[in-house]
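Student: When you get a sec, could you give me coordinates for this:
(one chain, ligands or ions: 1)
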Amino acid sequence: MRKKLVLMVVDGMTPAAFERAVESGHAPALSFLAEHGEYRQATSVFPSLTPVCLSSIVTGAGPGIHHIPSMVWWNRQERRIVEYGSSFPALRAAGLSQSLVDTIFNMNARHLARDAVTVYEALEDAGLVAAAANITCYRGRHRYLPTLPGLNRAAYGPRRFFYYGLFESDRTGAPFAVRSRRGGSVDAHAAAVGRWLVTRDGFDFLAYYLSGFDFASHEGGPEGAAAERAMEQVDAAVGALLEAAGGPDEFLERYAVVLLSDHGQTAVEHVVRLEAPFADLAGEVVVTASNRAGQVYLLPGARVDPAELARRLDGEAWVDVTLRREGDEAIARKDGADAPADTLDHPDAAWRARTALANPNAGELLVSAAEGWEFGDLGGGHHAGGGSHGSLGRGDSLVPLVTIGVHAEPRRITDVVPAVLEHFGVAVPDSMEASAGVR
Ligand SMILES: [Zn+2]
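Tutor: All right, here's what the predicted structure looks like:
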């Protein structure tokens with residue numbers, strides 16, 4: 001008999017943070033899973049930003065297929081900027097109510113490509129029960145109204161659907177207090193939901209998403225004291241699931257497990273505005289940037305081409321590499337010279353560049369920040385003195401990945417869901433693109 005499966009996604013957890021936690025003796029739940037599983041490092045997508053990464057995990061496909069291009073992007077059809085929450089000032093700058101609707105509803109209902117099948121859709125179409133706890137890529141086939149009175153826009157999620165207290169398929173009694181995020185209240189909410197689900201054995205597949213580590217790592221850097229403390233909260237939230245099953249051994253008797261993060265993080269010291277070198281092109285280009293990735297969009301009638309946009313960044317210490325398309329080729333420009341993207345030595349660069357550029361919502365030029373640098377967001381927000389991510393570079397791109405009871409060797413974050421479907425004996429949809437060794 002096939003075991004049920006829990007997919008645990010710890011936002012922003014680097015391989016080093018995971019390995020330190022396991023060796024420290026202060027993370028009993030993570031240590032237990034590491035001891036009973038197979039551990040490897042996998043690669044994220046580009047840009048290595050959460051909306052892109054979680055969509056990639058859940059659809060088993062890169063941004064070229066699921067169409068979520070970044071944390072902030074230019075919507076060509078609607079001629080407006082879409083901002084999923086780079087910072088509160090950025091949300092306000094993009095229009096607070098529009099940004100909340102984009103983040104909570106439109107990302108799943110409109111921006112996520114219709115034909116990019118989600119893990120919840122694939123499993124539930126095969127008669128299984130899928131559950132999602134706080135993961136922001138949630139599209140399923142069941143209709144939910146918000147728990148807040150007066151809000152009547154519906155969202156479509158899996159059969160068991162929990163989203164920050166705003167949507168809940170079942171009354172779990174989980175307390176929700178977003179105000180004390182620093183104290184771990186968001187992950188405590190996920191843990192309460194997870195405990196309820198495991199106690200009832202109320203799913204075949206659960207996507208369990210913890211965001212507190214990323215938040216702490218942005219504030220104090222990936223090696224900072226806040227991140228260390230946040231790992232203990234991650235461990236407590238994972239431990240809550242093990243306890244709900246009656247203990248760690250009982251948990252593994254019932255469930256297979258995949259534990260991973262969506263992207264890494266690196267320390268940042270300097271902030272720059274990606275808008276500045278393009279300031280004279282008002283009306284011809286739109287620049288969007290957040291964390292360590294940015295994009296330049298050409299507007300209809302623009303007199304510049306992508307190659308010229310790329311050349312404008314020559315000699316800037318804060319640019320590591322830019323990507324653009326020329327015909328069917330992905331061109332990388334680094335240190336003032338063009339080369340095919342597959343000559344880059346960044347992790348999994350060829351595929352990540354190709355799928356990022358194949359996204360119809362991506363800009364004509366994609367910019368990956370140099371080490372130590374971050375792009376200020378729409379509202380001037382940044383994490384200088386702390387941590388960030390988004391680039392094609394190693395530190396932002398490598399993630400820890402533990403599998404228990406799943407017979408596959410995932411190399412990319414997009415390999416996980418195809419492996420989950422194989423685990424359940426469910427056909428992998430054509431939209432998913434697992435690498436060799438998984439499918
Ligand atoms: Zn982050």
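Student: can you give me the helices for the stretch 251-400 of the chain?
Tutor: Using DSSP state H, counting those that start in this stretch, the helices of the stretch 251-400 of the chain run over 306-311, 349-357, 394-397.
Student: List the buried residues of the first one.
Tutor: Buried positions in helix 306-311, judged by neighbour count with 16 or more other C-beta atoms under 10 Å: 306, 309-310. The C-beta positions use only the backbone N, C-alpha and C, and glycine is treated the same way.
Student: nearest to Gly380, of those residues?
Tutor: Of all the buried residues of helix 306-311, Gly380 sits closest to Leu309, with 23.1 Å by C-beta to C-beta.
Student: for that closest one, what are its contacts?
Tutor: Going by C-beta atoms under 8 Å, 6 or more residues apart in numbering, Leu309 touches 278, 285, 296, 298, 322, 324, 364-365.
Student: Repeat that for His346.
Tutor: Taking C-beta under 8 Å, 6+ apart, one finds 321, 352, 368, 392-394, 397 in contact with His346.
Student: mind redoing it with 10 Å?
Tutor: Residues in contact with His346, defined by C-beta atoms under 10 Å, 6 or more residues apart in numbering, are 43, 46, 320-321, 332, 334, 352-353, 368, 391-394, 396-397.
Student: same deal with Val119?
Tutor: By C-beta under 10 Å, 6+ apart, the contact list for Val119 reads 5, 7, 57-60, 130, 132, 137, 139-140, 158, 205, 207, 416-418, 420-421, 424, 426, 429, 432.
Student: which stretches of this structure have low pLDDT?
Tutor: Along the chain, the parts satisfying pLDDT under 70 run over 1, 177-183, 437, 439.
Student: Looking at it, name the residue that lies furthest from the middle.
Tutor: Arg303 (34.7 Å; C-alpha atoms, centre = their mean).
Student: Can you tell me how far that one is from Gly363?
Tutor: When distance is defined by C-beta to C-beta, to the nearest Å, Arg303 is 17 Å away from Gly363.
Student: Check Thr147 too.
Tutor: Distance from Thr147 to Gly363, counting by C-beta to C-beta: 37 Å.
Student: With neighbour numbers in mind, choose between these two.
Tutor: A count of neighbours by other C-beta atoms under 10 Å puts Gly363 above the other of Thr147 and Gly363, at 28 against 14.
Student: Around the residue nearest to Asp314 when sequence neighbours are not counted, how many other residues sit close by?
Tutor: In space, Asp314 comes closest to Gly336 once its chain neighbours are excluded; the distance is 4.6 Å by C-beta to C-beta, 6 or more residues apart in numbering. Residues near Gly336, counting by other C-beta under 10 Å, number 10.
Student: Repeat that for His383.
Tutor: When neighbours are defined as other C-beta under 10 Å, His383 has 22 of them.
Student: Just give the nearest non-adjacent residue to it, would you?
Tutor: Using C-beta to C-beta, 6+ apart, the closest residue to His383 is His218 (4.8 Å).
Student: That neighbour and Leu241, how far apart?
Tutor: Taking C-beta to C-beta, one finds His218 at 25 Å from Leu241.
Student: what does Leu128 give?
Tutor: According to C-beta to C-beta, Leu128 and Leu241 sit 19 Å apart.
Student: Looking at these two, which is more packed in?
Tutor: Shown here are Leu128 and Leu241; by other C-beta under 10 Å, Leu241 has more neighbours (25 against 21).
Student: Please identify which helix or strand holds that one.
Tutor: In this assignment (DSSP states H and E), Leu241 forms part of helix 225-244.
Student: what do you get for Tyr156?
Tutor: Per DSSP H and E: strand 155-157 holds Tyr156.
Student: Which neighbours in the sheet does that strand have, and how are they oriented?
Tutor: Each strand paired with strand 155-157, and its direction, by DSSP bridges: strand 142-144 (antiparallel).
Student: Need the contact partners of the partner strand.
Tutor: Residues outside strand 142-144 that contact it (C-beta under 10 Å, 6+ apart): 120, 124, 130, 138, 154-163, 166-169.
Student: ok, now stretch 84-91?
Tutor: Residues outside stretch 84-91 that contact it (C-beta under 10 Å, 6+ apart) are 49-52, 68, 70-73, 81, 83, 93-94, 96-100, 102-104, 106-107, 111, 136, 218, 288-291, 375-383.
Student: Please repeat the previous calculation with a cut-off of 8 Å.
Tutor: Stretch 84-91 has contacts (C-beta under 8 Å, 6+ apart) with 51, 71-72, 83, 99-100, 102-103, 107, 290-291, 377-381.
Student: Now intersect those with the strands, please.
Tutor: Among these, the subset assigned to strands under DSSP state E consists of 72, 83, 290.
Student: Kindly indicate which of these lies nearest Glu19.
Tutor: Comparing these against Glu19 with C-beta to C-beta places Ser290 closest, at 28.2 Å.
Student: gap between the closest one and Lys4?
Tutor: Relative to Lys4, Ser290 is positioned 36 Å away (C-beta to C-beta).
Student: Same check on Val285?
Tutor: In terms of C-beta to C-beta, Val285 sits 49 Å off from Lys4.
Student: With Asp314 instead?
Tutor: Note on Asp314: its distance to Lys4, by C-beta to C-beta, is 53 Å.
Student: Give me the distance from the host helix or strand of Glu422 to the chain's centre.
Tutor: Using DSSP H and E, the element containing Glu422 is helix 416-423. Helix 416-423 sits 18 Å away from the centroid of its parent chain (C-alpha atoms, centre = their mean, to the nearest Å).
Student: Check stretch 212-223 too.
Tutor: Here stretch 212-223 is found 15 Å from its chain centre; the criterion is C-alpha atoms, centre = their mean.
Student: Likewise for stretch 363-376?
Tutor: With C-alpha atoms, centre = their mean as the basis, stretch 363-376 stands 17 Å off its chain's centre.
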